[in-house]
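Participant: build me a model from this:
(2 chains)
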Amino acid sequence: MAGYLEVLAPGPLALVQDAGRPGYAHVGAGTAGAADRGAHALANRIAGNETDQATIEILLGGLALKVRGGAIIAIAGAPTPVTVNGRAADHHTPLYLADGDVVRLGTPPTGLRSYLAVAGGIDERPVLGSRSWDSMARIGPEPLRPGRLLQVGRGRHHAPNLGLAPTLLPTLEPLTVSVIPGPREAWIAGGVRRLAQGVWTVSGRSDRVGVRLLGDPLARARGYADRELPSEGTVLGAVQVPAAGLPVVFLADHPVTGGYPVVGVLREADTDQLAQARPGQRILFTPVSTR
Amino acid sequence: MNWRLLPCGERAVLVELGDLAEVLALAAAVQMLSGQQDGPWSAVVDTVPATRTLLITVRHRDALDALEAALPSVLTAVAFAGPRGAERQRPGETMTIHVRYDGPDLDEVSALTGLTPREVVAAHTGRPWRVGFVGFAPGFAYLVGGDRRLEVPRRASPRTLVPPGSVGLASTYSAVYPRESPGGWQLIGRTDTVLWDSGQEPPALLSPGAWVQFVAVEG
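Facilitator: As a prediction, this is how the structure comes out:
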């Protein structure tokens, strides 16, 4: 049944993503992969795939696809309104599409990123073992453009056996995430407890590299005011504090090294939720002492 | 050899050491151990050396406790062997890179260092450099251990486009730009050698610990 998905319109940003490209950080290429790994895996499961098949990561809807040859698709993550040939359809459930069907995604009322999986996976050419576009390293399948034909893979899949997947959808309410003290907590006055006392707002300048936060700036601890940190390796979910004191939380395309102190690191599952936080949304941190 | 383990989330630990030589010695030891079939070392998925630290990431968070428990004895062994120990056991490869020394900043570097352009080339090719770490862009290797007379500041205003293969100097480092990008390094030459190819395994010509010998060729 392997056919194609033809991109009619990509919307603000539509990318091919999978579980990422670990193992190349020492030569300067990070992991990348889906920004909300949980939603990416869920879309795959609903479509009957293994969870590591490539999906389309759609920022704020707007994607339109024409199905060539029939396909089973599923959409998870930000609850984008879905239509098939103009008729309303559901997300978080398998959709059985015929040759020529047109799928359109509207703007989700909450969250940022939706994931469209197709039974068999998206079969773009892998780069270093992954079909993930990395906006920092600029490797992997390029961002989608009108006219692009995405081959549906022949990856192993089974008949979808989920009617409607139960899931917690993103909300616009203040989001609380757990933060573990990081390698340079001592550099920031009050450490993660001070971070947790703040009410932060997601900046519009956030992207797959990181979520920039606005709020009352953090200060350097006494004795660290003028110290320069030699660049060091960084991880997904790291809360980096640049000189101006406004934290950046690293997402999937974060740089492999950074020269600003990392005060804390999010629990990995919480980076998924942060990847769905909208500009203007409030973020609260809860310190957890152990991982 | 003094070291500290710094927490770095559910799947990583940052090992802080005294200097880059110790970092590269530990990185070589971890790389050898991670070839094992089981145990905490087999779970290592990424290592990132930097000037004073080695970041070690494991595949699953369950493996991190065991890794942290196993690290002190490896650090002790590395300290006992000395920074050159790992290099003796398993020397880094030496890559030869041919360079046309006709870069746009060669005269500026000459003025900054007090060397003639010919002496700049002689200093750059006079001894092997070593890959300390990689950053900024895929395959962009910071080369260390060069002739100290070549220490120069970055350009006051970075270029918006540096051509691929450009050979530059900044601070005590040298580097080759793997592909077209903005950049502020002083450019002294250019090579046709491919530094990064996403279609190859490994994709990077230079990994941490490798040695680089520059050789001057005529334009």
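
Participant: can you name the farthest residue from the center of chain B?
Facilitator: Distance from the C-alpha centroid of chain B peaks at B:D62, with 30.2 Å (C-alpha atoms, centre = their mean).

Participant: the helix ranked longest in chain B near chain A at all?
Facilitator: Looking across chain B with DSSP state H, the single longest helix is helix B:64-81. Yes: Helix B:64-81 is in contact with chain A by C-beta under 8 Å from any C-beta of the partner chain, via B:L64. Where you see a C-beta, it was placed from the backbone N, CA and C, and this is true even at glycine.

Participant: where does A:H26 land on pLDDT?
Facilitator: Per-residue confidence (pLDDT) for A:H26: 95.

Participant: typo on my end, B:W41
Facilitator: Taking B:W41 on its own, its pLDDT is 94.

Participant: in three-state terms, label it for me.
Facilitator: helix (DSSP: H, G, I helix; E, B strand; the rest coil).

Participant: pull the number of nearby residues for the closest residue to chain B within the stretch 151-291 of chain A.
Facilitator: In the stretch 151-291 of chain A, the residue that lies nearest chain B is A:G233 (2.8 Å; C-beta to the nearest C-beta). Other residues lying near A:G233 total 29 when counted by other C-beta atoms under 10 Å in any protein chain shown.

Participant: and what of A:A47?
Facilitator: 28.

Participant: over to B:H124?
Facilitator: By other C-beta under 10 Å, neighbour count at B:H124 equals 22.

Participant: the one 3 residues further on now?
Facilitator: Here the count is done by other C-beta under 10 Å, and B:R127 has 12 residues near it.

Participant: gap between the residue nearest to it when sequence neighbours are not counted and B:T191?
Facilitator: Nearest non-adjacent residue to B:R127, counting by C-beta to C-beta, 6 or more residues apart in numbering or on different chains: B:D147, 6.6 Å away. For B:D147, the distance to B:T191 equals 19 Å [C-beta to C-beta, to the nearest Å].

Participant: just for the chain, where's the confidence low?
Facilitator: No chain was given, so I picked chain A. Within chain A, the stretches with pLDDT under 70 are A:1-2, A:162-166, A:291.

Participant: ah, I was thinking of chain B
Facilitator: Confidence mapping of chain B against pLDDT under 70 gives the ranges B:83-91.

Participant: the strands in it, which residues?
Facilitator: With DSSP state E, the ranges of strands along chain B come out as B:4-7, B:12-16, B:44-49, B:53-58, B:94-100, B:129-134, B:141-144, B:159-162, B:166-170, B:173-176, B:181-183, B:186-190, B:211-217.

Participant: can I get those in JSON lines including mean neighbour count?
Facilitator: Output for the strands of chain B, formatted as JSON lines (neighbours: other C-beta atoms under 10 Å in any protein chain shown):
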{"stretch": "strand B:4-7", "mean neighbour count": "16"}
{"stretch": "strand B:12-16", "mean neighbour count": "23"}
{"stretch": "strand B:44-49", "mean neighbour count": "24"}
{"stretch": "strand B:53-58", "mean neighbour count": "26"}
{"stretch": "strand B:94-100", "mean neighbour count": "16"}
{"stretch": "strand B:129-134", "mean neighbour count": "26"}
{"stretch": "strand B:141-144", "mean neighbour count": "24"}
{"stretch": "strand B:159-162", "mean neighbour count": "13"}
{"stretch": "strand B:166-170", "mean neighbour count": "23"}
{"stretch": "strand B:173-176", "mean neighbour count": "24"}
{"stretch": "strand B:181-183", "mean neighbour count": "17"}
{"stretch": "strand B:186-190", "mean neighbour count": "24"}
{"stretch": "strand B:211-217", "mean neighbour count": "17"}
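
Participant: the ones you listed into TSV, with extra columns for distance to chain A?
Facilitator: Compiled in TSV, the strands of chain B are given as follows (distance: least, C-beta to the nearest C-beta, whole Å):
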stretch	distance to chain A
strand B:4-7	4
strand B:12-16	4
strand B:44-49	3
strand B:53-58	3
strand B:94-100	13
strand B:129-134	4
strand B:141-144	8
strand B:159-162	15
strand B:166-170	13
strand B:173-176	11
strand B:181-183	9
strand B:186-190	20
strand B:211-217	14
